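[1] Starting from these lines, generate the structure:
(2 chains)
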Amino acid sequence: GQSLEQPSEVTAVEGAIVQINCTYQTSGFNGLFWYQQHAGEAPTFLSYNVLDGLEEKGRFSSFLSRSKGYSYLLLKELQMKDSASYLCAVAGGFKTIFGAGTRLFVKA
Amino acid sequence: EAQVTQNPRYLITVTGKKLTVTCSQNMNHEYMSWYRQDPGLGLRQIYYSMNVEVTDKGDVPEGYKVSRKEKRNFPLILESPSPNQTSLYFCASSLAAGAYEQYFGPGTRLTVT
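    Here you go, the predicted model:
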């Protein structure tokens, strides 16, 4: 079967660094996406990885290892507004499979 | 402004009463998709469309229909809604399938009693 696994919740302190992991097992792979979703809102795109390695985008970085079926999202210099759910998703063929999401709580 | 719109945003209906949720995008995207989001289950794909008149089932298509007669519109039809279709629904579009970010509509919260 196809699956993406993420921790359900992560808590971190403002100003710190937090890593959110995603492991996947899918039949096709066109790339791995990370989306941010604030409560009551639509998901918005954060990053995309198709090759192994680290993609950096300001305070956000995303890493991919295709051989291990593993990705992580790294958030630096955490701010209160980063409190949200973070969804990993794999595009395979014409379909997209999402993980259940990780809720990040940022404490002052 | 580039956007995906959905209507209605909120809907409470009764079992068996046919309903349509509209979705429209103004970005000339080829790929459009419908998802439902339930607590603990994340986003699950219902149907997707690669282009006009080309649609296919996602992972949870039972009880839903779609059509793509125009590139910009991708309505979701529930012919006979049931309480287990109570959920938050998102429409999304992207330039093409696969390696392109999806743009999501604001969501439609549906309650079927």
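[2] and chain A, which residues reach chain B?
    Within chain A, the positions near chain B by C-beta under 8 Å from any C-beta of the partner chain are A:8, A:30-31, A:33, A:41-45, A:48, A:50, A:87, A:89, A:91, A:93-101. From N, CA and C alone the C-beta is placed, and that goes for glycine too.
[3] Give me the subset of these that lies in strands.
    A:31, A:33, A:44-45, A:48, A:87, A:89, A:91, A:95-98 (DSSP state E).
[4] which non-adjacent residue is nearest B:Pro83?
    B:Val112 (5.0 Å; C-beta to C-beta, 6 or more residues apart in numbering or on different chains).
[5] Please apply the same query to B:Tyr100.
    B:Ser94 (4.2 Å).
[6] List the contacts of that neighbour.
    B:29-31, B:33, B:100-103 (C-beta atoms under 8 Å, 6 or more residues apart in numbering or on different chains).
[7] How about A:Trp34?
    A:22, A:45-48, A:60, A:62, A:71, A:73, A:86-89.
[8] Redo these as CSV? Include neighbour count.
    As requested, the contacts of A:Trp34 are exported to CSV (neighbours: other C-beta atoms under 10 Å in any protein chain shown):
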residue, neighbour count
A:Cys22, 25
A:Phe45, 16
A:Leu46, 18
A:Ser47, 22
A:Tyr48, 19
A:Phe60, 17
A:Ser62, 23
A:Ser71, 25
A:Leu73, 25
A:Tyr86, 25
A:Leu87, 25
A:Cys88, 30
A:Ala89, 25
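[9] between these, which is closest to A:Gly15?
    Nearest to A:Gly15 among the contacts of A:Trp34, counting by C-beta to C-beta, is A:Phe60 at 15.4 Å.
[10] my guess is that closest one meets A:Ser47, correct?
    Yes. Here A:Phe60 lies in contact with A:Ser47, judged by C-beta atoms under 8 Å, at a distance of 6.3 Å.
[11] Which neighbours do the two have in common?
    Contact with both A:Phe60 and A:Ser47 is made by residues A:34, A:73, according to C-beta under 8 Å, 6+ apart.
[12] how many neighbours does A:Lys68 have?
    If you count neighbours by other C-beta atoms under 10 Å in any protein chain shown, A:Lys68 ends up with 10.
[13] what's the spacing between it and chain B?
    Taking C-beta to the nearest C-beta, to the nearest Å as the measure, A:Lys68 falls 20 Å from chain B.
[14] ok, now A:Thr102?
    For A:Thr102, the distance to chain B - C-beta to the nearest C-beta - is 10 Å.
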